[in-house]
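Colleague: next come a sequence and a model predicted from it.
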Amino acid sequence: MRSLDEEPSAREREGAPLARTNLRSGALSSAQAAGTLLDRHVFDHYRTVLGDIEERGFYPSLATASRPYADAVWRNFAADRATWTEEFLATGGVRRTWRRARAWVRRRGRLEGR
């Protein structure tokens, strides 16, 4: 009886070249790793959410999950918060933009004049 050390590998039994065997095993390992990550990060999340829905109900679960997004929308449109346009105008954005545009046009004029 042969020991495991003496047993020929699958590659040797099939006569497959080493590169082809490594490519197949690498592809298989990559697929297994992707499957594990998908299961751990996506399907596990869905299992948890579905369990929560089953336990608490759809609408209470939806209210809990959407609360941070609804709060962010309300904060974004709060009357006491300045808009991007107001910030741009208040911080000298027009003057700064005009100077940069003028400098860019001058540089291009010098480069094209050569």
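Modeller: Everything's here; your move. Numbers count the residues shown, from 1 in each chain.

Colleague: the helix or strand encompassing residue 51 packs against which elements?
Modeller: Residue 51 belongs to helix 44-56 when elements are defined using DSSP states H and E. Contacts defined by 3 or more CB pairs under 8 Å, 6 or more residues apart in numbering; DSSP states H and E place helix 44-56 against helix 58-76. The way it works is simple: take the backbone N, C-alpha and C, and place the C-beta from them, glycine included.

Colleague: restricting to C-alpha, output the helix it packs on in CSV.
Modeller: Extracted C-alpha coordinates of helix 58-76, given in CSV (Å, rounded to 0.1, in the frame of the first residue of the first chain):
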residue,chain,number,x,y,z
PHE,A,58,-42.4,45.6,7.2
TYR,A,59,-43.4,49.2,8.0
PRO,A,60,-41.6,49.4,11.5
SER,A,61,-38.5,47.9,9.8
LEU,A,62,-38.7,50.4,7.0
ALA,A,63,-39.1,53.3,9.4
THR,A,64,-36.0,52.3,11.3
ALA,A,65,-33.9,51.7,8.2
SER,A,66,-34.9,55.0,6.4
ARG,A,67,-34.7,57.3,9.5
PRO,A,68,-31.1,58.4,8.9
TYR,A,69,-31.8,59.2,5.3
ALA,A,70,-34.9,61.2,6.1
ASP,A,71,-33.0,63.1,8.8
ALA,A,72,-30.2,63.9,6.3
VAL,A,73,-32.7,65.3,3.8
TRP,A,74,-34.3,67.5,6.4
ARG,A,75,-30.9,68.8,7.5
ASN,A,76,-29.9,69.4,3.9
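
Colleague: what's in contact with the next helix or strand after it?
Modeller: The C-terminal neighbour of helix 58-76 among helices and strands, as given by DSSP H and E, is helix 84-90. The contact list for helix 84-90 (CB atoms under 8 Å, 6 or more residues apart in numbering) reads 82, 93, 94.

Colleague: likewise for stretch 66-82?
Modeller: So stretch 66-82 is contacted by residue 90 (CB under 8 Å, 6+ apart).
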